[in-house]
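A.B. asks: got a predicted structure here, sequence first:
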Amino acid sequence: MIQLTITRPDDWHVHLRDGDALPFTVPDAARYFGRAIVMPNLVPPVLNTQQALDYRERIIQHRPAQSTWEPLMALYLTDNTTSEEIVQARDSGMVFACKYYPAGATTNSDSGVTDLNNIYPVLETMEKVGLPLLLHGEVTDGDVDIFDREAVFIDRHLGKLTTAFPGLKIVLEHITTSEGAQFVGEASANVAATITPQHLLFNRNQMLAGGIKPHYYCLPILKRQQHQQSLLAAATSGSSKFFLGTDSAPHATHRKENACGCAGCYSNHAALELYAEAFEQAGALDKLEAFASHFGADFYGLPRNTDTITLEKSPWQSPAYLPFGGDTLTPLGGGEYRQWRVI
Ligand SMILES: NC(=O)N[C@@H](CC(=O)O)C(=O)O
Ligand SMILES: [Zn+2]
Ligand SMILES: [Zn+2]
């Protein structure tokens, strides 16, 4: 039996949702990850430290007994976020980042920032106190094609941002393009990116050819194969700028199989297993550990996990449906055979 033992990994981008969803999402997230940056795009969003601490309490109630998994909280930036809020968040020791959603870009982003210039004073404070900025890096202009929204964001905003705030740690979340991989690869050590399993394993053909498949639909949207290959090259390059962030984002099955289907893929039932498949296909299993378990912690200035987990190559059938509150959830690759399992 082929086995691979690696330092316990962390997930630097996950959506756990709230309420009825937590008994399902938290145990999956805590199964073998050591920590997770928990996205704040709830309804209503997590806007301040008190709300983040309250949300953390609700999450922790569903952490399996004996688990030492830690949810690392993030604040949702709006046009009205204040510098005082940032300082308080940093001082709490429980908030590890702030998330920028362009208003209207993705799930629950209606209260997001309408213009990056509106949050420049807040970014200055984040730079000063050392709180990383996490970007949903897309523009929302109606005249920009949905497949170009990440590249246009990089072109219009990211260079300006890194020049204005050279000391600010920035994570370009869930990158989907060659432009994203290239920008981050060439930027300073303060700029990094997370990459999801779906953007490594799939391209827009899987979503659109032979019938529209809503369970592959997430934002930023899957791009053409050439971009998938650039992302695989970045993830397996050994560069410490690229690390694991699943963007596991559950929506009930009926909300995705819908005339106006929600964006988001649920991958936390088999996250590391999916990444292992992508790395194996790229002939780079030896690069999985640093991507999954070292580079993210290093970037955030947190200690690496000290224990290990073991993956074994032994195929298993991923469930087609999972329970999700009173609903069902269709996981990424549901019903398919996965090659690796965490034992
Ligand atoms: N990635 C997605 O398609 N959806 C995420 C939001 C996000 O990360 O943009 C969600 O919360 O559902
Ligand atoms: Zn996003
Ligand atoms: Zn996300």
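C.D. replies: Great, that's in hand. Numbering: from 1, shown residues only. Ligands and ions are numbered 1, 2, ... in the order given.
A.B. asks: ligand 2 versus R35, what's the distance?
C.D. replies: 19 Å (Cβ to the ion, to the nearest Å). The C-beta positions use only the backbone N, C-alpha and C, and glycine is treated the same way.
A.B. asks: right, and that residue touches R8 too?
C.D. replies: No: judged on Cβ atoms under 8 Å, R35 makes no contact with R8 at a distance of 9.1 Å.
A.B. asks: what about the closest residue to V46 other than its chain neighbours, neighbour count?
C.D. replies: Among residues not flanking V46 along the chain, P40 sits closest, at 3.4 Å (Cβ to Cβ, 6 or more residues apart in numbering). For P40, the neighbour count with other Cβ atoms under 10 Å is 24.
A.B. asks: same thing with the one 3 residues further on?
C.D. replies: V43 sits with 10 neighbouring residues when counted by other Cβ under 10 Å.
A.B. asks: any idea how far the nearest residue to it once chain neighbours are set aside is from ligand 1?
C.D. replies: Nearest residue to V43 in three dimensions, chain neighbours excluded: N108, at 5.6 Å (Cβ to Cβ, 6+ apart). Separation of N108 from ligand 1 (Cβ to the nearest ligand atom, to the nearest Å): 6 Å.
A.B. asks: residue contacts, N108?
C.D. replies: N41, L42, V43, P45 (Cβ atoms under 8 Å, 6 or more residues apart in numbering).
A.B. asks: what's the pLDDT at the spatially closest residue to the second one that is not a sequence neighbour?
C.D. replies: This means L42. Leaving out its chain neighbours, the residue that sits closest to L42 by Cβ to Cβ, 6+ apart is D18, at 5.1 Å. Listed pLDDT for D18 reads 98.
A.B. asks: hang on, the earlier thing: R35 and R8: which has the busier surroundings?
C.D. replies: R35 (23 against 18).
A.B. asks: so what does that one have for phi and psi?
C.D. replies: For R35, the backbone dihedrals (degrees, to the nearest 10) come out as phi -150, psi 160.
A.B. asks: same check on E312?
C.D. replies: According to degrees, to the nearest 10, E312 has phi -130, psi 140.
A.B. asks: could you tell me which residues of this structure lie near ligand 2?
C.D. replies: Selection of the chain residues close to ligand 2 by Cβ under 5 Å from the ion yields T106, H136.
A.B. asks: 6 Å instead, please
C.D. replies: T106, H136, E173, H174, L219 (Cβ under 6 Å from the ion).
A.B. asks: mind pulling up the pLDDT for the spatially closest residue to L47 that is not a sequence neighbour?
C.D. replies: Nearest residue to L47 in three dimensions, chain neighbours excluded: Y76, at 5.8 Å (Cβ to Cβ, 6+ apart). At Y76, the model reports a pLDDT of 98.
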